[in-house]
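**Q** sequence first, then the predicted structure:
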Amino acid sequence: ILFIINVEEKKKNLITFVIKYCHYLYVSLYCELIEYTAVRKIQYFLSFIFFSPGEDETAEEQIIAKHTSDSETWLKLETARATKHWIPWRPDLEKDESIEDCEDPERLVLFDDIKPVLYQIINEELKGKLILHFLDLIGVRGENDVNVGDQFHLDSLDKLDISVSEIELATNMCLDCQLRRKVLQNIFEQSSHLLSTHTKTTMVLRIIRHRMQSVKGEMGSKKMKQEIKDLRKWIKTQLKEDQGNLLIWEALAKLEWKFGNVEECERILEQLLQKVVPDTGIRKMKDIHQQTSVAKLCCSYIDLLVRQSHNLVPGDRYQSMKTKALQMLMKLVGISSNDSSEPLPEDISDVRTIFQGILNDYLDHTIENQAAVNLFAKLPEIGCMVTHAVACYAWFQYLTLGVEAAFLAFSQALDRMSAWKPETITDRLSDSQRYQSHIFETVTISHLKLLGYHCEVARASNKLVRVSLQKALQLLPDCSTLLKMLV
């Protein structure tokens with residue numbers, strides 16, 4: 001089949017095949033870092049037949065005879081070979097080395113020497129796709145399996161405390177934190193300038209999330225403080241290169257929140273929103289990418305405020321948090337309010353009308369055009385905007401009218417989006433269909449989390465959450481987040 005299609009399509013199909021094959025090996029616990037695959041065995045025997053010095057065979061046999069795990073054996077063998085100059089030499093940039101510093105020119109592998117046997121990829125999108133899938137294979141993943149720009153909510157903080165899966169544990173056995181960090185640093189330094197802005201941002205967010213998960217030590221310990229300081233410095237370095245990147249700013253705020261600096265997190269989000277939300281509101285913004293980022297940032301800010309107010313009894317501070325949340329939601333749609341007073345009834349009515357208009361704009365557009373080819377693939381921000389707009393509107397309803405109004409806001413949106421949810425998830429679904437299903441799932445989860453928050457704050461019965469969760473699982477039986485909620 002590959003020979004009867006055009007060259008570009010052939011390359012894309014071949015890369016897709018390689019990626020799927022690698023992921024099949026990975027989920028089957030047959031990746032190179034865990035067990036010797038057939039390819040690895042061929043490499044292993046070739047290296048012994050053609051390149052192995054006789055005196056090293058005994059040493060390697062002793063390593064193998066220790067009967068450690070395959071991954072540990074592999075790592076020890078590679079380390080031993082590095083000391084015997086088996087591995088190609090490359091300059092250590094931290095020591096200001098260059099090619100001229102190599103003492104053994106035979107160990108140098110130059111691009112011109114191996115270029116004829118390399119499969120070169122020119123397409124920028126395919127380059128980014130391969131790099132991101134490689135990060136998947138070494139355990140550096142985004143929040144979602146669906147490619148939606150790596151959603152990076154403060155709401156995902158709960159997931160950071162969940163232990164990794166068995167597959168991730170197997171990968172972690174092979175690459176310790178320092179080695180993995182060095183690999184990531186090399187990948188980023190060598191590839192970031194080759195990637196599109198979107199792919200580079202996705203890569204940065206994955207690295208930040210991974211390094212946050214990798215922070216070790218007791219809270220407040222000297223080691224932990226140093227790791228947080230190093231990560232904060234790295235994030236700010238990325239922001240110097242792209243000061244307008246709201247996703248990276250949000251990641252910095254998330255870092256402060258995760259490790260206890262809540263006031264700094266709130267300050268970062270407030271200053272950003274005051275700066276980027278126009279007086280006319282997001283509905284007048286022409287750039288869909290910027291519009292989506294601003295709405296997403298507002299969602300994170302509301303998440304932060306409601307989490308802070310979670311343990312507060314009704315009083316001045318609780319009321320202050322509620323007022324700040326309402327003021328930001330009003331600013332989001334272009335309605336100004338007094339800094340310290342309750343919103344006026346007419347303002348609340350106007351905000352509600354504008355939110356409904358925004359939702360109608362996006363839901364009507366996506367539902368009417370869902371048959372269009374690759375609508376979501378070409379413009380995934382449309383789906384992202386739907387999730388953020390629904391969440392913001394539901395929180396506004398909750399803060400002004402109560403849980404019944406928020407429940408109705410989510411229910412009406414989900415009813416209109418029900419056509420996005422396929423009856424079954426299969427490999428035959430297009431990327432656009434998978435993305436639609438993902439958006440439906442994300443809004444459903446937001447709905448349940450708001451209900452859960454209400455039950456905890458109002459000390460109400462969990463019956464409403466339980467019933468809603470059971471209905472959601474009938475539609476999304478394979479959703480891991482919903483299953484965790486049920487447990």
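**A** Noted; the coordinates are in hand. Since the structure is predicted, the reported quantities are computational estimates derived from the model, not experimental observations.
**Q** could you list the low-confidence segments of the stretch 51-200 of the chain?
**A** 51-57, 71, 143-177 (pLDDT under 70).
**Q** could you redo the last one with a cut-off of 80?
**A** 51-61, 67-72, 74-75, 77-88, 90, 92-94, 106, 114-122, 137-139, 141-182 (pLDDT under 80).
**Q** same deal with the stretch 351-487 of the chain?
**A** 362-383, 418-438, 456-462, 478, 487.
**Q** secondary structure class of the residue nearest the centre of the chain, three-state.
**A** Centroid check for the chain by Cα atoms, centre = their mean gives residue 142 as the closest residue, at 2.7 Å. Three-state call for residue 142 (DSSP: H, G, I helix; E, B strand; the rest coil): coil.
**Q** wait, it touches residue 203, no?
**A** No: using Cβ atoms under 8 Å, residue 142 is not in contact with residue 203, being 9.6 Å away. C-beta here means a position set from N, CA and C on the backbone, and glycine is covered the same way.
**Q** which of the three states applies to residue 68?
**A** Look at residue 68: counting by three-state DSSP, its state is coil.
**Q** which element, helix or strand, includes the residue nearest to it when sequence neighbours are not counted?
**A** Nearest non-adjacent residue to residue 68, counting by Cβ to Cβ, 6 or more residues apart in numbering: residue 76, 7.5 Å away. In this structure, residue 76 sits in helix 70-83 according to DSSP states H and E.
**Q** pull out the buried positions in that helix.
**A** Counting neighbours by 16 or more other Cβ atoms under 10 Å, one finds that the buried residues in helix 70-83 are 70, 71, 73, 74, 75, 77, 81.
**Q** now render those residues as TSV, adding distance to residue 129.
**A** Shown next, in TSV, are those (distance: Cβ to Cβ, whole Å):
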residue	distance to residue 129
70	29
71	27
73	32
74	27
75	28
77	31
81	31
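**Q** and of those, the nearest to residue 358?
**A** For those, the closest approach to residue 358 (Cβ to Cβ) belongs to residue 71, at 50.3 Å.
**Q** which neighbours do residue 142 and residue 203 share?
**A** Counting by Cβ atoms under 8 Å, 6 or more residues apart in numbering, no residue touches both residue 142 and residue 203.
**Q** right, and the residue nearest to residue 68 touches residue 70 too?
**A** No: counting by Cβ under 8 Å, residue 76 stays clear of residue 70, with 10.9 Å between them.
**Q** and for residue 215, the neighbour number?
**A** 20 (other Cβ atoms under 10 Å).
**Q** cool, residue 437 as well?
**A** By other Cβ under 10 Å, the residues close to residue 437 number 20.
**Q** next one: the one 10 residues further on
**A** The burial count assigned to residue 447 is 24, neighbours taken as other Cβ under 10 Å.
**Q** do the same with residue 198
**A** Residue 198 has 15 nearby residues by other Cβ under 10 Å.
**Q** convert the strand or helix carrying it to CSV, retaining C-alpha atoms only.
**A** In the assignment (DSSP H and E), residue 198 maps to helix 197-213. Presented in CSV, the C-alpha positions along helix 197-213 are these (Å, rounded to 0.1, in the frame of the first residue of the first chain):
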residue,chain,number,x,y,z
THR,A,197,5.7,27.1,18.9
HIS,A,198,2.8,24.8,19.8
THR,A,199,4.9,21.6,19.9
LYS,A,200,7.7,23.3,21.9
THR,A,201,5.1,24.6,24.4
THR,A,202,3.7,21.1,24.7
MET,A,203,7.2,19.7,25.3
VAL,A,204,8.0,22.4,28.0
LEU,A,205,4.8,21.6,29.8
ARG,A,206,5.5,17.9,29.8
ILE,A,207,9.0,18.4,31.2
ILE,A,208,7.6,20.7,33.9
ARG,A,209,5.0,18.2,34.9
HIS,A,210,7.5,15.4,35.0
ARG,A,211,10.0,17.3,37.1
MET,A,212,7.3,18.3,39.5
GLN,A,213,6.4,14.6,39.9
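**Q** contact partners of that helix?
**A** Contacts for helix 197-213 (Cβ under 8 Å, 6+ apart): 124-125, 128, 131-132, 135, 139-143, 149-150, 152, 160, 180-181, 184, 188, 191-192, 195, 227, 231, 234-235, 238, 242, 245, 247-248, 251, 254-255, 258.
**Q** please compute how far it lies from its chain's middle.
**A** Distance of helix 197-213 from the chain centroid (Cα atoms, centre = their mean, to the nearest Å) equals 7 Å.
**Q** also stretch 265-285?
**A** Using Cα atoms, centre = their mean, the offset of stretch 265-285 from its chain centre is 22 Å.
**Q** repeat for stretch 223-233
**A** With Cα atoms, centre = their mean as the basis, stretch 223-233 stands 21 Å off its chain's centre.
**Q** what mean pLDDT does it get?
**A** In this model, stretch 223-233 carries a mean pLDDT of 90.
**Q** quick one: buried residues of that stretch?
**A** Using 16+ other Cβ under 10 Å as the test for burial, stretch 223-233 gives 227, 228, 231.
**Q** counting by contacts, list what the helix or strand that residue 456 is a member of packs against.
**A** In the assignment (DSSP H and E), residue 456 maps to helix 431-457. If contacts are counted by 3 or more Cβ pairs under 8 Å, 6 or more residues apart in numbering; DSSP states H and E, helix 431-457 sits against helix 375-378, helix 381-400, helix 403-417, helix 463-475, helix 480-486.
**Q** kindly reformat these as TSV containing mean neighbour count and distance to residue 356.
**A** Formatted as TSV, the helices and strands packed on helix 431-457 follow (neighbours: other Cβ atoms under 10 Å; distance: least, Cβ to Cβ, whole Å):
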stretch	mean neighbour count	distance to residue 356
helix 375-378	17	23
helix 381-400	24	7
helix 403-417	18	9
helix 463-475	15	22
helix 480-486	14	27
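**Q** closest to residue 15 out of the buried residues of stretch 223-233?
**A** For those, the nearest to residue 15 is residue 231 (31.9 Å; Cβ to Cβ).
**Q** relative to helix 197-213, how tilted is the helix or strand hosting that closest one?
**A** Secondary structure from DSSP H and E places residue 231 in helix 222-241. Interaxial angle, helix 222-241 versus helix 197-213 (axes from the mean of the first three to the mean of the last three Cα atoms, to 10 degrees): 170 degrees.
**Q** how far out from the middle of the chain is helix 222-241?
**A** The answer for helix 222-241 is 19 Å, by Cα atoms, centre = their mean.
**Q** which helices and strands does it pack with?
**A** If you count contacts as 3+ Cβ pairs under 8 Å, 6+ apart, helix 222-241 packs onto helix 197-213, helix 246-258.
**Q** re the thing from before, now the angle from the helix holding residue 198 to helix 246-258?
**A** 10 degrees.
**Q** hmm, back to that, comparing the helices and strands packed on helix 222-241, which comes out most buried?
**A** helix 246-258 (a mean of 22; mean count of other Cβ atoms under 10 Å).
**Q** with that, I have no additional questions.
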